[in-house]
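Enquirer: Show me the folded form of this:
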Amino acid sequence: MTVYLLHFSEPFKHAKHYTGYTDDLPRRMQEHRRGNSARLIQVIHAAGLTWQLARTWPGAPRKFERYLKDSYKNAPKLCPICYPKNFREGPANE
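Expert: Prediction:
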């Protein structure tokens, strides 16, 4: 199982990210691309916004996805697109 974070090209109302959980990431991404998945992704798709897969947590338990959704204000800090400095490799992060 994989927990994943999608980053939207532009904020949609309050939402900048979507957090999901799947046992087949390629299949789930295809569903999201088609716009026939979670309601928020359907709305994003209909609004003409795009998204990209920003981060994955392979092997994470479902309760981790729930934690991320319940504390949605933390999502940007976990996004390498929003906070690239948090994800730089090298001595600062070793």
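Enquirer: ranges for the helices of the protein?
Expert: For the chain, the helices defined by DSSP state H occupy 25-34, 39-46, 62-70.
Enquirer: Include mean pLDDT and mean neighbour count when you put the ones you listed into TSV, please.
Expert: Backbone N, C-alpha and C define where each C-beta goes, glycine included. Formatted as TSV, these follow (pLDDT from 0 to 100; neighbours: other C-beta atoms under 10 Å):
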stretch	mean pLDDT	mean neighbour count
helix 25-34	93	14
helix 39-46	91	15
helix 62-70	88	14
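Enquirer: Quick one: closest of the ones you listed to residue 78.
Expert: helix 62-70 (7.2 Å; C-beta to C-beta).
Enquirer: Remind me what the closest one packs against, helices and strands.
Expert: strand 2-12, strand 15-22 (3 or more C-beta pairs under 8 Å, 6 or more residues apart in numbering; DSSP states H and E).
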